[in-house]
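Student: could you look at this predicted model? Sequence included:
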Amino acid sequence: MSAEITVHVRGSNRAGRPLLLLLHGFGSHEHDLPAIAGHLPPVWDWASLRAPLAAGNGGFSWVPIEVPGRPDPQVVADSTAAVLAWLDVNVEPGTVVVPVGFSQGGLMVSQLLRAAPERFAAGVVLSGFVLDAVLPGDEALAARRPPVFFGHGDADQVISPDATARTSAWLPQHADATEVVYPGLPHSISAEELTDVSTFLEKVLPDGATGR
């Protein structure tokens with residue numbers, strides 16, 4: 001199967017401006033995560049991608065849900081390749097790009113970093129997880145150690161505890177990881193979390209790299 005990115009929504013796309021790559025969760029769509037952009041630093045443009053697989057009821061997914069927290073690695077690889085191909089066509093080389101993903105989109109953030117660690121300045125994983133596999137790019141990612149924000153609630157009943165624990169253990173071995181656990185937060189994104197993500201993104205950009 002060859003996945004294709006079919007729809008996207010963009011911000012101002014001014015040359016030289018850093019880019020947030022927004023990756024939604026299972027059963028959602030490209031019009032979901034742009035709502036968080038207003039809570040993040042205004043120097044960032046954004047591109048919100050629709051996942052390539054139909055999930056029913058007008059929603060989409062990056063991978064089907066078969067065994068929770070353990071998706072088919074080949075389907076994950078297909079969706080990852082589709083996002084990288086979209087970047088090749090639509091994003092100017094040298095652009096500072098940070099993928100931001102929720103749930104299944106968080107899985108995609110980690111996959112993008114593992115597949116092309118040199119391409120991304122950082123990553124933001126919100127209530128997501130990492131694939132339980134050793135991948136060819138892991139060694140290069142561990143050597144590069146980009147900053148990664150991993151935020152999740154302690155009341156999440158969607159992502160399995162073992163997938164969250166796996167992610168908590170894996171990220172510090174491969175990235176400069178910042179993990180924040182939000183008491184009482186279910187499978188969602190809180191205002192407090194967005195404030196923390198905003199602070200994280202402000203640290204990611206080099207001094208003066210605003211693109212303005």
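Tutor: Yep, it's here. Numbering: from 1, shown residues only.
Student: biggest helix in the protein by residues?
Tutor: Across the chain, the helix with the greatest residue count (assigned by DSSP state H) is helix 73-90.
Student: for it, packing partners?
Tutor: In terms of contacts (3 or more C-beta pairs under 8 Å, 6 or more residues apart in numbering; DSSP states H and E), helix 73-90 is packed against strand 19-23, strand 45-49, helix 104-115. Heads up, the C-betas are built off the backbone N, CA and C, glycines and all.
Student: so how far is the longest one off the chain centroid?
Tutor: What it means is helix 104-115. 6 Å (C-alpha atoms, centre = their mean, to the nearest Å).
Student: what's Val197 in contact with, if anything?
Tutor: Each residue near Val197 by C-beta atoms under 8 Å, 6 or more residues apart in numbering is listed here: 39-40, 100, 124, 126, 149, 151.
Student: neighbour-wise, which of those residues leads?
Tutor: Counting neighbours by other C-beta atoms under 10 Å, Val124 comes out on top of the contacts of Val197 with 30 neighbours.
Student: which stretch in the helices and strands packed on helix 73-90 has the least confidence?
Tutor: Across the helices and strands packed on helix 73-90, strand 45-49 has the smallest mean pLDDT, namely a mean of 91.
Student: and that strand with helix 104-115, angle?
Tutor: Using axes from the mean of the first three to the mean of the last three C-alpha atoms, to 10 degrees, the inter-axis angle of strand 45-49 relative to helix 104-115 is 110 degrees.
Student: quick one: list the elements packing against the helix or strand following strand 45-49.
Tutor: Downstream of strand 45-49, the next assigned helix or strand under DSSP states H and E is strand 53-56. Contacts defined by 3+ C-beta pairs under 8 Å, 6+ apart place strand 53-56 against strand 59-61.
Student: what's in contact with the strand it packs on?
Tutor: For strand 59-61, the surrounding residues in contact (C-beta under 8 Å, 6+ apart) are 24, 26-29, 50-55, 104.
Student: could I get the average pLDDT for it?
Tutor: For strand 59-61, mean pLDDT is 92.
Student: any weak-confidence spans in the chain?
Tutor: Low-confidence segments of the chain, defined by pLDDT under 70: 1-15, 67-69, 206-212.
Student: show me where it has helices.
Tutor: 73-90, 104-115, 138-144, 161-174, 191-204.
Student: what's the most buried one of those?
Tutor: Here the criterion is mean neighbour count by mean count of other C-beta atoms under 10 Å, and of the helices of the chain the winner is helix 104-115, at a mean of 27.
Student: circling back: figure out which of the helices and strands packed on helix 73-90 is closest to Ile189.
Tutor: With respect to Ile189, and counting by C-beta to C-beta, the nearest of these is helix 104-115 at 10.7 Å.
Student: related to what we said a few turns ago, dump the helices and strands packed on helix 73-90 to JSON lines, plus distance to Gly94.
Tutor: Shown next, in JSON lines, are these (distance: least, C-beta to C-beta, whole Å):
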{"stretch": "strand 19-23", "distance to Gly94": "11"}
{"stretch": "strand 45-49", "distance to Gly94": "14"}
{"stretch": "helix 104-115", "distance to Gly94": "17"}
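Student: cool, thanks, signing off.
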